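>>> My questions concern the predicted model and sequence given below.
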Amino acid sequence: MEAPPSHFLSIETELMSTQVIEIDLTKPNVEEFSSTTKRLFWLVIISIGILAPAIIYGVPANKDLLNHFRFALPFYDSLCAGHFYPGWLSESNAGYGDPSFRFYPPALYYLLSLARYITGSWYTGTLLSISLLSLSAALGMYFWARSVLSESCAMWAAILYALAPYHVNQVYQAFLLAEFAGAAVLPFAFGFVERVCRRGRLRDVAGLAATYSLLLLTHLPLAVIGSLALAVYAAARLERESCWRRLRLLSIAALLGTGASSIYWIRMVSELKWIGVNNAVPDNSVDYSQNFLFSTFSPDNLNVWWMNILALMTLLLFVPALGLLIHRARLESRFAKLVPIMVLTLVSILMALPLSRPLWRMLPLLQQVQFPWRWLALFSMGGSLLTAATLPLWFCNRLKWERQLRLVILGSMLISVAFTLAHTVREAEYRNRRQFENDLESVRGTASVNYWVPVWAKPHPREMKSPVETAGRSVVVHEWSPEHRSFDVTAGGEGVARVRTFYYPHWVATSAGRELPTCPDTDGALLISLPADGAAVNLDFREPSRSQLSVALSVFSLLSIAILTLPLRLRGEE
């Protein structure tokens with residue numbers, strides 16, 4: 001057999017290196033730094049380049065686009081009004097509002113609001129946010145892969161993840177923007193789990209805590225999936241000699257991350273009983289049992305039909321190369337460090353298939369993920385990393401593959417990428433600046449998702465011509481802001497005022513320092529019992545004491561995370 005060219009040998013030597021290079025910051029290696037910089041440069045180019053059609057033609061549109069901005073627009077308005085963490089979305093449902101701010105993770109909307117503030121435009125700010133998330137996802141994959149692979153392989157892992165069919169679909173066809181944001185955070189969490197298990201440094205514990213907290217604050221379904229996946233990965237990665245110490249460190253990171261995000265989840269969990277979720281108007285399309293991959297091949301269920309296609313394209317991108325890697329792992333011990341990632345990848349695809357249905361039935365929390373095919377996000381991460389690990393075998397034909405076999409593997413990967421570009425990207429519906437801004441104007445005041453409607457309310461309450469209605473009494477409205485309203489009511493006997501706001505226990509009505517009784521109307525509107533005399537009524541949305549405790553817990557956890565990042569000498573340690 002003809003010997004491979006010398007430059008391929010040099011590439012192989014670099015790629016097959018499994019040592020993580022530690023750069024001495026006091027004496028930087030210029031050549032090493034230059035090599036890393038070049039690879040990071042390519043990550044930036046490709047992760048932003050995959051969004052070039054959106055930057056050129058406009059923001060990809062889907063029904064979830066309007067759902068996100070039905071939330072984002074009033075969230076930004078509340079921030080501008082001085083509410084650091086808004087508690088009530090006031091303009092939805094024709095002004096009746098809803099409590100969705102309390103249940104949907106806020107991190108994405110802080111990002112969109114910041115981008116809107118910086119750019120002065122929702123259109124530009126949205127494209128900037130998507131670009132930053134795409135870049136973060138690539139850097140996260142590089143960070144994780146660099147823990148177990150060489151720099152070149154880590155770069156290719158990030159590139160493959162950027163091109164993964166499901167990952168691209170999150171933006172171009174489904175506009176699952178919050179899930180796309182969560183998928184940009186999760187690789188960092190895996191990278192820190194790897195470092196905690198391998199090195200056990202407190203800085204890595206802090207990094208894991210911070211990224212896990214950010215995941216919880218970004219996308220709840222992916223946080224549930226990610227928590228299970230991180231546990232599986234950690235269990236497969238722990239070594240017997242240091243198992244208990246590493247397990248303690250991982251537990252500390254999980255507790256700190258959960259504590260840092262408590263400002264969100266404490267009020268969400270404590271108030272779940274007050275919203276309809278999927279019980280008020282059940283929607284079978286979001287029932288987990290109807291959304292397993294390959295559970296049906298009928299286009300009547302468009303979600304599963306399209307996800308089946310994406311799953312096949314994902315398998316074409318990763319599986320042929322993974323088969324060769326698994327074969328090689330049995331022959332060489334140095335591939336053993338990839339076994340936890342193989343386990344994670346296998347578990348991810350199994351959890352998306354009907355075979356895992358019994359496990360879903362046993363875990364009610366997992367059912368709230370709604371779509372088992374969301375596990376394709378985890379499969380895309382693991383598959384990208386493992387496929388990149390096969391690259392050294394390609395360069396010098398270590399497995400002595402026949403040319404035809406190599407062409408089959410490369411061809412399947414090219415088919416997957418071509419499909420992603422030709423269908424997922426090219427066939428997306430784009431909204432230019434004018435269309436996008438018109439869409440945003442039209443979404444204000446529209447009905448919210450049924451999940452967020454209070455249990456005592458109807459999705460379509462009675463239309464009101466004024467903010468406050470009373471029988472036989474005049475009303476003068478002085479202020480009507482998202483979380484504070486004030487109005488005067490003339491004398492006229494005891495009665496009630498119907499307010500164009502859904503009743504929620506945190507709305508408190510007062511007059512002359514005295515609290516007025518409130519209750520919901522038959523359609524959920526807020527009713528305030530009025531005294532017989534004239535009254536100046538103040539209506540305020542007041543956070544309960546547990547919200548203040550959650551803020552204190554978040555601050556304490558964040559300070560603890562910050563302390564763990566300090567050098568040993570500043571923490572008073574040897």
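Happy to help now that I have it. Only a predicted model underlies this, so the values are computations on that prediction, with no experimental measurement involved.

>>> Can you give me the neighbour number for the closest residue to residue 134 other than its chain neighbours?
For residue 134, ignoring the flanking residues on the chain, the nearest one in space by C-beta to C-beta, 6 or more residues apart in numbering is residue 47 at 4.7 Å. (Each C-beta comes from the backbone N, C-alpha and C, glycine too.) Residue 47: 26 surrounding residues under other C-beta atoms under 10 Å.

>>> Could you pull up the residues touching residue 47?
Listed by C-beta atoms under 8 Å, 6 or more residues apart in numbering, the contact partners of residue 47 are 134-135, 137-139, 158, 162.

>>> what's the next secondary structure element after the host helix or strand of residue 303?
When secondary structure is defined by DSSP states H and E, residue 303 falls within helix 302-329. Tracing the chain C-terminally past helix 302-329 and defining elements by DSSP H and E, one meets helix 339-351 next.

>>> Convert that following helix to CSV, retaining C-alpha atoms only.
Once non-C-alpha atoms are left out, helix 339-351 reads as follows in CSV (Å, rounded to 0.1, in the frame of the first residue of the first chain):
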residue,chain,number,x,y,z
VAL,A,339,-17.1,5.9,26.1
PRO,A,340,-19.1,8.3,28.3
ILE,A,341,-19.9,10.4,25.2
MET,A,342,-20.9,7.3,23.3
VAL,A,343,-23.2,6.3,26.2
LEU,A,344,-24.7,9.8,26.2
THR,A,345,-25.3,9.8,22.4
LEU,A,346,-26.9,6.3,22.5
VAL,A,347,-29.2,7.3,25.4
SER,A,348,-30.2,10.5,23.6
ILE,A,349,-31.4,8.7,20.5
LEU,A,350,-33.2,6.0,22.5
MET,A,351,-35.0,8.6,24.6
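
>>> how much does it deviate in direction from helix 302-329?
Taking axes from the mean of the first three to the mean of the last three C-alpha atoms, to 10 degrees, one finds that helix 339-351 is oriented at 150 degrees with respect to helix 302-329.

>>> For the helix or strand encompassing residue 46, give the mean pLDDT please.
Assigned by DSSP H and E, residue 46 falls within helix 30-49. Helix 30-49 shows a mean pLDDT of 80 in the predicted model.

>>> And for stretch 508-519?
94.

>>> got the buried residues for that stretch?
Judged by neighbour count (16 or more other C-beta atoms under 10 Å), stretch 508-519 contains these buried residues: 509-511, 516, 518.

>>> Among these, find me the one that's closest to residue 185.
residue 518 (39.7 Å; C-beta to C-beta).

>>> quick one: contacts for that closest one?
The contact partners of residue 518, taken as C-beta under 8 Å, 6+ apart, are 503, 507-509, 526-529.

>>> Residue 419 contacts residue 315, correct?
No - with the criterion set as C-beta atoms under 8 Å, residue 419 and residue 315 do not qualify as a contacting pair; they are 11.9 Å apart.

>>> For the contacts of residue 47, pick the one with the most neighbours.
In terms of neighbours by other C-beta under 10 Å, the contacts of residue 47 top out with residue 158 at 31 neighbours.

>>> and the closest residue to residue 297 other than its chain neighbours, what is it in contact with?
Once flanking residues are discounted, residue 297 sits nearest to residue 308: 6.5 Å by C-beta to C-beta, 6+ apart. The contact partners of residue 308, by C-beta under 8 Å, 6+ apart, come to 293-294, 297.

>>> who wins for neighbours among the residues you listed?
The member of the contacts of residue 308 surrounded by the most neighbours (other C-beta under 10 Å) is residue 293, with 21 neighbours in all.

>>> my guess is it contacts residue 307, does it?
Yes - assessed by C-beta under 8 Å, residue 293 is found in contact with residue 307 at 6.1 Å.

>>> so what sits against both of these two?
Listed as contacting both residue 293 and residue 307 by C-beta under 8 Å, 6+ apart are 373, 376.

>>> Could I get the full set of helices for the stretch 401-550 of the chain?
Listed in chain order, the helices found in the stretch 401-550 of the chain under DSSP state H, counting those that start in this stretch are 403-419, 433-443, 545-564.
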